[in-house]
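A.B. asks: Everything below, folded, please.
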Amino acid sequence: MRSMTLYIGLTLCTFNVTSAENISDHELFCSKVTQQPCLLYIRQQLTALQPASVSWFKVKSYELDYLFDKQQFAELKQQTEQLLTLTSVPGSFSAQLYFYHAKVLYSEGDTEPARRCAGLALNQLQGAFDTFGAPLRLVELANLHYSLREYDKADAILNDAAAHFKKNKDPLFWFEWYSNKALIEHGRGQLAIAASMREQAVSAAKQMGHNGKMIIALGNLARTQQLLQQYEAAYMNYQQAMTYMQDGSDDINKAIYQLRMAEISWQSGQYQQAVNHLLALDKTKLRAPHLVVYDALTAEKALAELAASPASAKQ
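C.D. replies: Presented below is the predicted three-dimensional model:
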């Protein structure tokens, strides 16, 4: 059997695009709507507004946040490319466009264009913070510095934010703060510290009571625990995250988390359980880095033999 560290190594270099939210939080916008999907509600609101008006740009920012949060990067890229051609947009919206476009480019491996977009977003976000002093703007600035692998700068910004806004009771701020602090510690190779930050992010997500935040927080904690070889805890947190998912809106994360549970099961020697997860996931929802893991797992002789057995076929 191949080394249990193979699949971990494949994912350490992958740019993390799932852990930082934007100040235009779609879950807050949709929090009072329970009878229809959030994206449908956002798009209904957009159709009722004058295109390119201030209100339209604000609601549009929620749509971009939704697409980013749900990892629908193909549509997000298409929209940001189109919106960046507009000649006149509010400054705050322009910063968000560059922010999201940089994230998508990073996820595709287009490093240099992503760095240019991140630099433009940094300039505009710094100006926005200087003008309005919003604590979440500081977290966004830190996240972009993290994206550029400027860990010390990102960490300094977060430390300043914690010092200036230590009395802030907003759980969204602390959810973002701990999530980004974890990213930095992960980037430095301090996985145990990152895991403790992830646990704090889960606590903040629980205070908000938003399913999307719980999915992200638990999934990030589980992934860090997996890298620490805390397989039982990681598996349980992925399982718990799955209970917050909804068909249709969380299909990408569902496939990723099923894949991770299959990987953990394999790493733990639970081969039939690994096969069950592989059979349950929708491969079409996986992007290239995760497909590498999927293909490596399905190529494992012990798993392939189990997958081909009549018992697995009935799962």
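
A.B. asks: Share the number of residues neighbouring residue 309, please.
C.D. replies: When neighbours are defined as other C-beta atoms under 10 Å, residue 309 has 12 of them. C-beta: built from backbone N, CA, C; applies to glycine.

A.B. asks: pLDDT on stretch 250-263, on average?
C.D. replies: When the per-residue pLDDT values of stretch 250-263 are averaged, the result is 97.

A.B. asks: continuing past the lowest-mean-pLDDT helix or strand in the chain, what's the next helix or strand?
C.D. replies: Least confident helix or strand, the chain: helix 6-12 with a mean of 33, by mean pLDDT, DSSP states H and E. Towards the C-terminus, the helix or strand next in line after helix 6-12, according to DSSP states H and E, is helix 26-29.

A.B. asks: Which neighbouring elements make contact with the helix or strand just after that following helix?
C.D. replies: Under the assignment DSSP H and E, the closest C-terminal helix or strand after helix 26-29 is helix 38-47. Helices and strands touching helix 38-47, as assessed by 3 or more C-beta pairs under 8 Å, 6 or more residues apart in numbering; DSSP states H and E, comprise helix 26-29, helix 54-69.

A.B. asks: got the buried residues for helix 38-47?
C.D. replies: With burial defined by 16 or more other C-beta atoms under 10 Å, the residues of helix 38-47 counted as buried are 38-39, 41-42, 45.

A.B. asks: Check stretch 286-304 too.
C.D. replies: 286-287, 289-290, 293-294, 297, 300, 303.

A.B. asks: wait, which of those residues is closest to residue 105?
C.D. replies: For those, the closest approach to residue 105 (C-beta to C-beta) belongs to residue 287, at 14.0 Å.

A.B. asks: so residue 141 makes contact with residue 124?
C.D. replies: No - with contact defined as C-beta atoms under 8 Å, residue 141 does not count as touching residue 124 (10.2 Å).

A.B. asks: out of the two, which sits in the more crowded spot?
C.D. replies: Residue environment comparison for residue 141 versus residue 124 gives the larger neighbour count to residue 141, 23 against 20, counting by other C-beta under 10 Å.

A.B. asks: And the helix or strand that one falls within, what does it pack against?
C.D. replies: Secondary structure assignment for residue 141, by DSSP H and E: helix 135-147. Judged by 3+ C-beta pairs under 8 Å, 6+ apart, helix 135-147 is in contact with helix 91-107, helix 111-132, helix 151-164, helix 171-187.

A.B. asks: One more pass at 6 Å, please.
C.D. replies: The helices and strands touching helix 135-147, judged by 3 or more C-beta pairs under 6 Å, 6 or more residues apart in numbering; DSSP states H and E, are helix 111-132, helix 151-164, helix 171-187.

A.B. asks: Compute the number of surrounding residues for residue 155.
C.D. replies: Taking other C-beta under 10 Å as the criterion, the count of residues near residue 155 is 19.

A.B. asks: From residue 220, how far out is it?
C.D. replies: Residue 155 sits 18 Å away from residue 220, going by C-beta to C-beta, to the nearest Å.
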